[in-house]
Structure formats: structure tokens, C-alpha cells
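> any chance you could fold what I've pasted below:
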Amino acid sequence: MFDIDAYQRQVAPVSLDGIDFDAFRSRPLSPEGLRCIRYMHDVESHTVCYLRDLLVTPSHKDPRVTTFLTMWNYEEHWHGAALARVLEAHGEAAGTERIAPMRRRLGRGDRLAPIVNAIAGSVLGDAFVAVHMTWGAVNEWSTQAGYARLAEREDHPVLTELLDRIQRQEARHIAFYATEARRRLAASPRARRLVRWALRTKWAPVGSSVMPREETAFLLRHLVDGPVVERLDGNVHKLPGMDGLHIVRAAAETYAAA
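Prediction:
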């Protein structure tokens, strides 16, 4: 069982001690790397809106889940703020200046998201929490893998250190989501059926619901190569009842043509 009390005591903004953001001025990231940072910044900064959508579902009834989500949202906010510093060092808009217009362009779909989630939660009941936890595990595995691959591709010592610190916090998020997903899936055949259906028919790469399609396609092509796809799908297949789905491979193939 994930120790939620211990996690609460560990939660803090990602440490920026010793991170020399000025190094990006003398040794900037590649255009491709900077494009990935923009995507990651925007998605991390949107976490509070994902939280908004989840709190109208049965997930809000479980105090362990809501405690985690509160801390998760806090840490993800600071991940976005840290990535904003990287963008700023490259002379780019970041933080509120970048996030506000992004949210304005989301339109009706974003406004309807809480309603859609509330209806889905009402229909599915407690099984929705299993969907939420499994979905969260897949997204956090994907996010961590993306950070690791970006650090490898850029081979920039300052970026590598920053992303390593972010990944260590993401590892705790993975631990909670994956632990809860395994427990809930193992306990309920109905949850396994619903989660398998949801992943097969509804899951899409992290950020694809708020970012332009061409940006999601670029990120997948740049960071999610064959070995990464196989590793991520392997993580999913180890969850109770989720073997053989290959959702990451399917997403990579779908976006490859974009």
C-alpha cells in the first residue's frame, strides 16, 4: 500500500538549487528540444484543469485519492514553473503569458469536460476510480519516459539535472497511480472490463486533448521510439486484465501520419 502520509511529508516544489538557467543562453537547446519543452510546459501547467474535471467524479469521495490529487497538482504546478524558466532563458514567453492564450483557445470542449466527466462518473460509479487510476498510471509512465528520452537526446547537463529532479517526483506519482490501479483492477472483474474498454477506445497521449494535433505528433515522433513504446505497453500489460492492449503502439501509429 502506498504510504500517503509519508508522501504528504515529502511534497515540495521541485528543487532548483544549483540549476544554472543562464547556461541555456550560451548553450541553447536544439529547436526540436525546445519544441518539446513548450509542449511539456503547457501540459504540466494545465494539470489544475485536469483536477477540476476529476473532482466532479466518484474519485472525490476517497480521501486517499483526494489527498494525493492535491499534492500531485501542487508538484505538477512547479514542474510547469521550472520548465517556464527554461523557455524564458531562450527568450520565449512562458508561465501566465503563455498559458492564458492556450486556455482561451480550448473552447467549448474544455468547458464541457467537467460535465462529461460528471456524467461518466455517475454512470460508472466506483469503477470510474479504477479507470482514473489506470489512466493516471499510463500518463505518468509516458511523461516520465518522455522526460528521460528528451534528456538523452539533448545531452545538455543542466537540462538533464532539471529533468532528473522532475522525474524523481514523477516516480512517486507513478507509485500511487499504479498501486491503486493494480488493487482496484485485481478486486473487480467489472472494473477490469471497463478499464480495458476505456483504454482501448478512449485513451490518447498525454496532452493531446489540449495541444494541437501536429504538436502531439511531433512529440511522439521525437521522443517515443520503438523501445519506449514497447516498454510503456509492457507496463500496461502487467496490470490485471490489461495484457495485449498495445495502446501506446496504436497511438504512435495513429499520430505517425499526422
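> helices or strands up against the strand or helix carrying residue 49?
Counting by DSSP states H and E, the element that carries residue 49 is helix 47-54. In terms of contacts (3 or more C-beta pairs under 8 Å, 6 or more residues apart in numbering; DSSP states H and E), helix 47-54 is packed against helix 63-89, helix 108-124. Glycine gets a C-beta too; all of them are placed from N, C-alpha and C.
> list the buried ones in the first one?
To tie it back to what came earlier, the one meant is helix 63-89. For helix 63-89, burial by neighbour count (16 or more other C-beta atoms under 10 Å) applies to 65, 68-69, 71-73, 75-89.
> thinking again about what came up before, mind listing residues that contact the helix holding residue 49?
The list of residues contacting helix 47-54 from outside it, by C-beta atoms under 8 Å, 6 or more residues apart in numbering, reads 60, 69, 72-73, 76-77, 80, 103, 110, 113-114, 117, 132, 210.
> and which of those residues is nearest to residue 234?
For residue 234, the closest of the contacts of helix 47-54 turns out to be residue 132, at 21.7 Å, with distances computed as C-beta to C-beta.
> check what pLDDT that closest one gets.
If you check residue 132, the pLDDT there is 96.
> likewise residue 56?
Residue 56 carries a pLDDT value of 89.
> and it, how far from residue 132?
12 Å (C-beta to C-beta, to the nearest Å).
> who's more crowded, these two?
The residue with the greater number of neighbours, taking residue 56 and residue 132 and applying other C-beta atoms under 10 Å, is residue 132; the counts read 26 against 18.
> not counting its neighbours along the chain, what's nearest that one?
In space, residue 132 comes closest to residue 59 once its chain neighbours are excluded; the distance is 5.2 Å by C-beta to C-beta, 6 or more residues apart in numbering.
> identify the residues contacting stretch 164-173?
Everything outside stretch 164-173 that qualifies as a contact, by C-beta under 8 Å, 6+ apart, is 7, 10, 14-15, 72, 75, 79, 82, 136, 140, 143-144, 147-148, 151.
> please apply the same query to stretch 227-245.
Judged by C-beta under 8 Å, 6+ apart, the contacts made with stretch 227-245 from elsewhere in the structure are 134, 137-138, 141-142, 145, 149, 178, 181-182, 185-186, 189, 192-193, 195-196, 199-200, 224, 246-249, 252.
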